[in-house]
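1. Please find the sequence and the predicted model below.
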There are 2 protein chains.
Amino acid sequence: MIFLKKVGKQTILFDNPPTISECASIVGPKEAQGPLAKFFDQTLEDEFWGEKSWEKAESKILKETVNIAISKSGIPVNKIDCCFSGDLLNQCISSGFGLRGLNIPFFGVFGACSTFVESMSLAAILAESFAENVLCATSSHFCSAEKQFRFPLELGNQRSPSAQWTVTGAGSAIVSKSGQGPFITSITPGKIIDMGIKDASNMGSAMAPAFADTLLAHFLDTGRNPSYYDAIISGDLGYIGKDISIDILKSQGYDIKANYNDCGVLIFDKNSQDTHAGGSGCGCCASVFSGYLFKELKNKNIKKILLIATGALMNSTTSQQGESIPSIAHAISIEI
Amino acid sequence: MIFLKKVGKQTILFDNPPTISECASIVGPKEAQGPLAKFFDQTLEDEFWGEKSWEKAESKILKETVNIAISKSGIPVNKIDCCFSGDLLNQCISSGFGLRGLNIPFFGVFGACSTFVESMSLAAILAESFAENVLCATSSHFCSAEKQFRFPLELGNQRSPSAQWTVTGAGSAIVSKSGQGPFITSITPGKIIDMGIKDASNMGSAMAPAFADTLLAHFLDTGRNPSYYDAIISGDLGYIGKDISIDILKSQGYDIKANYNDCGVLIFDKNSQDTHAGGSGCGCCASVFSGYLFKELKNKNIKKILLIATGALMNSTTSQQGESIPSIAHAISIEI
């Protein structure tokens, strides 16, 4: 017998909600100097971690993060029914290569920086239907992302003030049918929203309307308002996207300013770390949730959180061809 | 009340199986000269279809295939709960751009050429839990794939005899909670298998072990043997991968030769079309199933089919860095 039902246009409620059994996170050297450093399971001293390329390093970060999550959970690998994983590299190679030794049925997912919450959403549905335990993992790497999406690091290019800094890091979560919580009580998968923004160095502006669309849908579908949550956290809109989001929501009659923050704002120190508009990347939301927010929930410092990860569904070819940036945001509510 | 359960190591059985309500397919000019031409909903006269780039053409093919599927099904768009879509282009841009106007909650998936069956697997689970109708769509394009993964077409490079020809085309299916069939009666999601093959011009060899692993798991989990199915169809192993697969299965005690074939073998004529090892690409399995096999099921020419799509989880950077090719295969059984 399974308890999940759709309410309103796009929200799924879990009457017997799945639990997040365990999380793990590993981040890079810059993240290790940020305000959340003490929450991560492991921090790296350099961007290579003994590998010969940044891509191989990213695969290793993902793989080891998953190993830590499984190890901390105490769940035998053969009791994990399947896994969802994705990343920003072309053809999601960090996931494919990082998890090739795992021996667990694998679903590759791609939602750009929204991938972590997309994974947790699908994991929650599977845990409510046939699965006992489902693994989720997501990664990004500053150097591999800059190389692929922007300019070779060796060029030493200036970065635009509206650009965000891709987080080197990974997060992993195990979603289980039963347990002590925190519980995933609802999911609101997002639609693709494209408001015509074309500047690939201003992702916050491109993604903010998608965040607003999903958040509004969640409020309308559930009848909740911002004060229902102790914290509403966006995936990685950064400073610019965060401000735009507050304005859009205000224009729609919702004041989210009091309890709203963003993973890309939280992970770096604005004054000392020179990341311009804040952090971004699949690994940003994944590591901030798995490292920081999950522990805040476990310690009951936060009791109800709405996590909304945002993603820009473009690549460098589409920007070169003059296209705008379709964006998406997926939401999950997590409660203790 | 929902009826799905895991059997054995990695198979999910549906006691009250979801139905494939409708399918649609559009293919390119070369596919239109192949033996399955009459089965596709639309065939194109050139690879651009009025667009300025192959990437934009591929997005259009995906978008229009989805529109045909929805139109044929008669299901109102607002009754489709969500959609799964993916493709081979970096960051799955055909899906993101092709479906940005759809206004349906969107889950991006990536399984290389296995993406269509990955989508249908997840769609079936969602249709068994909360969803009434779930849309699946997958595409590939010969020119955009060659440009991205191999060499610019303008170079006129020779192709290796073991190379496969990426299909220009898309397939779309709508999976519904209830209906007249064909029914998705089980899914066997695959694990990542990497046997060390490094030749990116020999994908059939790289992917055959993943096909064999999933097929063996399906037989062991369900207690079925090859004769249970009227047809066992692999995603796109081509001629070389097909032969290897028959050999691997034989070594494990299963003779699949009598009722086994491959989408990459079926879509092109070996003698006249010069595609070397056969067809491949996300759009191969998607269009062959949506165009040909779905109609064979509807017309009761085939009653039980096991569709196993295979994917190579690599990109051009990993090949340049000397990596081998991790592969995956997802299986669904479809019965009338």
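-> In hand now; what should we look at? Source: prediction; values computed, not measured. Numbers count the residues shown, from 1 in each chain, chains lettered A, B, ... in the order given.
2. Check for me that residue A:242 belongs to a helix.
-> Yes: under DSSP: H, G, I helix; E, B strand; the rest coil, residue A:242 sits within a helix.
3. Next, count neighbours for the residue in the stretch 1-150 of chain A positioned nearest to chain B.
-> At 3.1 Å from chain B, residue A:96 is the closest residue in the stretch 1-150 of chain A, using CB to the nearest CB. No exception for glycine: its C-beta is placed from N, CA and C like everyone else's. Residue A:96: 33 surrounding residues under other CB atoms under 10 Å in any protein chain shown.
4. Show the contacting residues for it.
-> By CB atoms under 8 Å, 6 or more residues apart in numbering or on different chains, residue A:96 lies in contact with A:108, B:192, B:313-314, B:326, B:328.
5. pLDDT wise, what is the most centrally placed residue in chain A at?
-> Nearest to the mean C-alpha position of chain A, by CA atoms, centre = their mean, lies residue A:285 at 3.3 Å. Here, the pLDDT recorded for residue A:285 equals 98.
6. Show me the shaky parts of chain A.
-> A:1-2 (pLDDT under 70).
7. Apart from its neighbours in sequence, what residue is nearest the residue nearest to the centre of chain A?
-> residue A:235 (4.0 Å; CB to CB, 6 or more residues apart in numbering or on different chains).
8. again with residue A:84
-> residue A:119 (3.8 Å).
9. show me what contacts the one you found?
-> A:84-86, A:109, A:136-138, A:173.
10. give me that answer again for 7 Å
-> Applying CB atoms under 7 Å, 6 or more residues apart in numbering or on different chains, we find residue A:119 in contact with A:84-86, A:109, A:136, A:138.
11. check contacts around the residue nearest to residue A:285.
-> Counted by CB under 7 Å, 6+ apart, residue A:235 has contacts A:113-114, A:117, A:263, A:285, A:308-310.
12. What lies in contact with the strand or helix carrying residue A:271?
-> Following DSSP states H and E, one finds residue A:271 within helix A:270-273. Helix A:270-273 has contacts (CB under 7 Å, 6+ apart) with A:30, A:33-34.
13. Could you identify the buried members of those residues?
-> Buried members of these, scored by 16 or more other CB atoms under 10 Å in any protein chain shown, are A:30, A:34.
14. Narrow the contacts of helix A:270-273 to those in strands?
-> Among these, no member is found in strands (DSSP state E).
15. Strands of the stretch 51-200 of chain A, start to end?
-> Along the stretch 51-200 of chain A, counting by DSSP state E, counting those that start in this stretch, strands occupy A:82-87, A:106-108, A:133-140, A:165-166, A:169-176, A:183-188.
16. Which one, of the ones you listed, ends up nearest to residue B:185?
-> strand A:82-87 (18.8 Å; CB to CB).
17. Which residues does the closest one contact?
-> Contacts to strand A:82-87, defined as CB under 7 Å, 6+ apart, come from residues A:92, A:94-95, A:99, A:102, A:104-111, A:115, A:119, A:122-123, A:126, A:131, A:134-140, A:282, B:110, B:189.
18. Provide the strand pairings for it, with the direction of each partner.
-> strand A:106-108 (parallel), strand A:133-140 (parallel) (DSSP bridges).
19. Need these in a markdown table (columns: mean neighbour count).
-> Output for the strands paired with strand A:82-87, formatted as a markdown table (neighbours: other CB atoms under 10 Å in any protein chain shown):
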| stretch | mean neighbour count |
| --- | --- |
| strand A:106-108 | 28 |
| strand A:133-140 | 32 |
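20. Dump these into CSV; add distance to residue A:6 as well.
-> Formatted as CSV, those follow (distance: least, CB to CB, whole Å):
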stretch, distance to residue A:6
strand A:106-108, 21
strand A:133-140, 20
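21. Against residue B:294, how distant is residue A:277?
-> Residue A:277 sits 47 Å away from residue B:294, going by CB to CB, to the nearest Å.
22. The two - which one has more neighbours?
-> Each of residue A:277 and residue B:294 has its neighbours counted (other CB under 10 Å); residue A:277 has more, 27 against 23.
23. burial of residue A:48, as a residue count?
-> By other CB under 10 Å, neighbour count at residue A:48 equals 14.
24. Contacts only, for the nearest residue in space to it that is not next to it in sequence.
-> Nearest residue to residue A:48, sequence neighbours excluded (CB to CB, 6+ apart): residue A:57, at 5.2 Å. If you count contacts by CB under 7 Å, 6+ apart, residue A:57 has them with A:47-49, A:51, A:141.
25. For those, which single residue is the most surrounded?
-> Ranking these using other CB under 10 Å puts residue A:141 first, with 30 neighbours.
26. pretty sure it contacts residue A:56?
-> No: counting by CB atoms under 7 Å, no contact exists between residue A:141 and residue A:56, whose distance comes to 10.1 Å.
27. gap between the helix or strand hosting residue A:310 and the chain center?
-> Using DSSP H and E, residue A:310 falls within strand A:304-312. Chain-centre distance of strand A:304-312: 7 Å, with CA atoms, centre = their mean, to the nearest Å.
28. Give me the contacts around that strand.
-> Outside strand A:304-312, the residues that reach it (CB under 7 Å, 6+ apart) are A:111-117, A:203, A:206-207, A:210-211, A:214-215, A:218, A:228-237, A:285, A:289, A:293, A:297, A:325, A:327-335.
29. again with stretch A:154-165
-> Outside stretch A:154-165, the residues touching it (CB under 7 Å, 6+ apart) are A:142, A:151, A:201-204, A:236, A:238, A:240, A:264, A:268, A:275-280.
30. hmm, 6 Å instead?
-> Contacts with stretch A:154-165, where a contact means CB atoms under 6 Å, 6 or more residues apart in numbering or on different chains, come from A:151, A:201-203, A:238, A:240, A:264, A:275-280.
31. Next: stretch A:97-109.
-> A:59, A:62-63, A:80, A:82-86, A:92, A:115, A:118-119, B:10, B:109-111, B:189, B:191-192, B:194, B:326.
32. Between the two ends of that stretch, how far is it?
-> 14 Å (CA to CA, to the nearest Å).
33. same deal with stretch A:252-271?
-> Using CA to CA, the two ends of stretch A:252-271 sit 32 Å apart.
34. Okay, buried residues for it please.
-> Applying 16+ other CB under 10 Å to stretch A:252-271 flags A:254, A:256, A:259-260, A:262-268 as buried.
35. hey, what's residue A:311 bridged with?
-> Residues in a beta bridge with residue A:311, per DSSP bridges, are residue A:328.
36. The stretch 1-150 of chain A: helices as residue ranges?
-> Secondary structure of the stretch 1-150 of chain A (DSSP state H, counting those that start in this stretch): helices located at A:54-73, A:93-98, A:115-128, A:142-149.
37. So which bits of the stretch 51-200 of chain A are right by chain B?
-> A:53, A:55, A:82, A:90-93, A:96, A:100, A:103, A:105-106, A:108-111, A:125, A:129-130, A:189, A:191-192, A:194 (CB under 6 Å from any CB of the partner chain).
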